[in-house]
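**Q** Please find the sequence and the predicted model below.
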Amino acid sequence: MKTYNENESYQEPSIDADSREIISTKKQTKKYPNAQSVFSLFGKYPLNWKINKTQLQSAENLFLERGVVQILKAINFYKENKESEFCPVINSPYDLDSKWAKLISYKKRQ
């Protein structure tokens, strides 16, 4: 079974192994064009990063609201202080976006 895609003539659909449902063949990163650059700053890509809308939206928000320089500074600060007892745990763009204020507050206390 093939589906039509505007950018390509035809594309095979993906099927979820657990539910056996057809996964949308549209690439989610078109709606979030800057998400991949934010994920690359973290140095790792979760397995489902292309379809996890929460992570994609958080990455896009970080890129548009904070900028690459601020994100990189926050990630480096976290890496230096992650062993501290009161430092918030940040493993993904969603964590950084939702805990940005906590990280800034922790940095001010240092």
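**A** On my side now, so go ahead.

**Q** quick one: residue 52 and residue 83, what's the gap?
**A** 28 Å (C-beta to C-beta, to the nearest Å). For the C-beta atoms, the positions are set from N, CA and C on the backbone; glycine is no exception.

**Q** same check, this time on residue 69
**A** 25 Å.

**Q** before we move on, what about residue 49?
**A** 26 Å.

**Q** neighbour count winner among those two?
**A** Legend: neighbour count by other C-beta atoms under 10 Å for residue 49 and residue 83, higher for residue 49 (19 against 7).

**Q** Strands of this structure, residue ranges please.
**A** Remark: strands assigned in the chain by DSSP state E are 3-4, 10-11, 14-15, 22-23.

**Q** what's the spacing between residue 53 and residue 83?
**A** Distance from residue 53 to residue 83, by C-beta to C-beta: 32 Å.

**Q** so who does residue 37 touch?
**A** Neighbour list for residue 37: 63, 68 [criterion: C-beta atoms under 8 Å, 6 or more residues apart in numbering].

**Q** From residue 45, how far out is it?
**A** Distance from residue 37 to residue 45, by C-beta to C-beta: 12 Å.

**Q** what distance separates stretch 39-54 from the middle of the whole chain?
**A** How far stretch 39-54 lies from its chain's middle: 5 Å, per C-alpha atoms, centre = their mean, to the nearest Å.

**Q** Mind listing what's buried along that stretch?
**A** 39, 41, 42, 49, 50, 52 (16 or more other C-beta atoms under 10 Å).

**Q** My guess is the fourth one contacts residue 39. True?
**A** Yes: the pair residue 49 and residue 39 passes the contact test of C-beta atoms under 8 Å, sitting 5.8 Å apart.

**Q** Would you map out the domains in the protein?
**A** 1-27, 31-109 (automatic domain parsing).

**Q** Dump the ones you listed into TSV; add mean pLDDT as well.
**A** Putting the domains of the chain into TSV (pLDDT from 0 to 100) gives the following:
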stretch	mean pLDDT
domain 1-27	51
domain 31-109	90
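
**Q** any idea which of the ones you listed is most buried?
**A** Mean neighbours per residue, mean count of other C-beta atoms under 10 Å, is largest over the domains of the chain for domain 31-109, with a mean of 15.
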